[in-house]
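Novice: Quick one, structure for this:
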Amino acid sequence: MNRKLVCATAILSLFFAASSVRAGDDEADRRGSRWIATWTAAPMPGDSTFGADAPALANQTVRHIVHITAGGRRLRVKLSNVFGTRPLVIGSASVALQDAGPAIVPGSDHALTFGGSPAVTVFVGDEIFSDPIDLNLPTRATLAVSLYFAADTGLPGYHSASAESSYISEPGDFTDATTMPVEPGGQSTMQFAMSAVEVLPRDRVGVIVAVGDSTTVGFGSTVDATRTWPDQLFARLTPPYGRPSFAVVNAGIGCNRLLTFECGPSGLDRFDRDVLNIDGVTHVIAFFGVVDLGFPTVFGLPEQEVSAQQIIDGLRQLIVRAHRRGLPIFGATITPTGSAIFPNFWTPENEEKRQIVNRWIRTSRAFDGVVDFDKAVRDPSNPTQLLPAYSFDGIHMSDAGYQAMANAINLWFFARD
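Specialist: The predicted model follows:
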């Protein structure tokens, strides 16, 4: 038999092998595992970014390319309409292994249902889960999750500027199509309605949630190459052929601020939903402050400028809320912006505030541990700037810069009993 055919058959049998007995939650507890998030996309309003709003969808399929971290033996997908403007009518949905681009591996697709139905309406403000699917999902799998938007979404809630692709189809339901016709300009880095993929792992697995702005999202990294700092932290924690002890999920939002609504709700406002309420969360890494400092000076908004003490007070609130849930939270220092391509992002006043916040993060012992991103990526000869090899635009990192950030995280933070 053709060797490639044998390998493909083996992969498919591992990926979508149906269980003869459905694993219930009681069995999951006996095995010491539980539902955990293995991928997330923090929701935001469709008019939250600069430039064009999120596109309205009607009679179209969106195929999301999803790079999960930890695998498992069951899967479910979380849909969110928290920030939508009208009910989302999902006519059908599926999950498959990605082949290349918008294509899926033939025979790997599996329909998703909601309360036994292939269709569901997600009302404004609601979030829902698909019914669980029994399967053997490998760690580091690349999935294609397809949603058919049967009715006009209006201005949809979405997640913007991720480091993962999605594809918007020509009119029609293509959730089960091996190849999907993509509308002109239909490749994007947005996710629509999807906020999480969860798995029931084979063993007890923790979840590290990384929360922050576009540097956490991974802007500037190679799209679909899993080169963000949360991705590369997962790679450090998990041997290529080993079973993971942790999933690492990304709760970043591009240009997000800790204190002010911009490009989505503030870090303070969304912390419970996007971090503390993530299923299976065991550890938090918070990286905020870059946009709080730079956004008002770039756009000439003095009324939105904040002090170092206000940022410190906001970080203290995150710490208190995480500790109330019994969760350790690690604070990341603010990275340099002196070589930013955006005029007035760096100012002497912003630099002074950055140094004050970083000094507090390093010395206050308010966090359970410090991640010194500043030290990891700054230019030793000019510490107000990023090391050129690590810089994408003077604020965001290259792939090498994101690797340096991941390398700066002390893995002992996540030591398990």
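Novice: contacting residues for the spatially closest residue to Pro388 that is not a sequence neighbour?
Specialist: Distances taken as CB to CB, 6 or more residues apart in numbering place Asp379 nearest to Pro388, at 6.9 Å, with adjacent residues excluded. Where you see a C-beta, it was placed from the backbone N, CA and C, and this is true even at glycine. Counting by CB atoms under 8 Å, 6 or more residues apart in numbering, Asp379 makes contact with 336, 385-388.
Novice: Which of those ranks first by neighbour count?
Specialist: Leu386 (28 neighbours; other CB atoms under 10 Å).
Novice: what's across from that residue in the sheet?
Specialist: Leu386 has these beta-bridge partners by DSSP bridges: Arg378.
Novice: Okay, domains of the chain per the record?
Specialist: 40-195, 205-414 (automatic domain parsing).
Novice: who's the residue nearest to Val249 when sequence neighbours are not counted bridged to?
Specialist: Nearest non-adjacent residue to Val249, counting by CB to CB, 6+ apart: Thr40, 4.3 Å away. Listed by DSSP bridges, the beta-bridge partners for Thr40 are Ala196.
Novice: re earlier: using JSON lines, lay out the contacts of Asp379 together with pLDDT.
Specialist: Formatted as JSON lines, the contacts of Asp379 follow (pLDDT from 0 to 100):
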{"residue": "Pro336", "pLDDT": "98"}
{"residue": "Gln385", "pLDDT": "98"}
{"residue": "Leu386", "pLDDT": "98"}
{"residue": "Leu387", "pLDDT": "98"}
{"residue": "Pro388", "pLDDT": "98"}
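Novice: could I get those residues as JSON lines with distance to Ser266?
Specialist: Output for the contacts of Asp379, formatted as JSON lines (distance: CB to CB, whole Å):
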{"residue": "Pro336", "distance to Ser266": "23"}
{"residue": "Gln385", "distance to Ser266": "27"}
{"residue": "Leu386", "distance to Ser266": "25"}
{"residue": "Leu387", "distance to Ser266": "30"}
{"residue": "Pro388", "distance to Ser266": "32"}
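Novice: Just give me the closest of the residues you listed to Lys353.
Specialist: Nearest to Lys353, judged by CB to CB, of those is Pro336 at 12.9 Å.
Novice: And for Gly186, the neighbour number?
Specialist: 18.
Novice: Enumerate every residue touching it.
Specialist: For Gly186, the contacting residues are 167-170, by CB under 8 Å, 6+ apart.
Novice: Check Thr226 too.
Specialist: Listed by CB under 8 Å, 6+ apart, the contact partners of Thr226 are 67, 140, 163, 232, 235.
Novice: What about these, which one has the most neighbours?
Specialist: Ala163 (24 neighbours).
Novice: ok, now how distant is it from Phe392?
Specialist: Per CB to CB, to the nearest Å, Ala163 is found 12 Å from Phe392.
Novice: so what sits against both of the two?
Specialist: Common contacts of Ala163 and Phe392, defined by CB under 8 Å, 6+ apart, comprise 219, 221.
Novice: ok so, going back, could you say which one of the domains of the chain comes nearest to Arg34?
Specialist: Closest to Arg34 of those is domain 205-414 (CB to CB; 6.3 Å).
Novice: End to end on that closest one, go ahead and measure it.
Specialist: Taking CA to CA, to the nearest Å, domain 205-414 runs 11 Å from one end to the other.
Novice: Distance from it to the middle of the chain?
Specialist: Relative to its parent chain, domain 205-414 has a centroid offset of 13 Å by CA atoms, centre = their mean, to the nearest Å.
Novice: just checking, which of the contacts of Thr226 belong to helices?
Specialist: Counting by DSSP state H, these place 232, 235 in helices.
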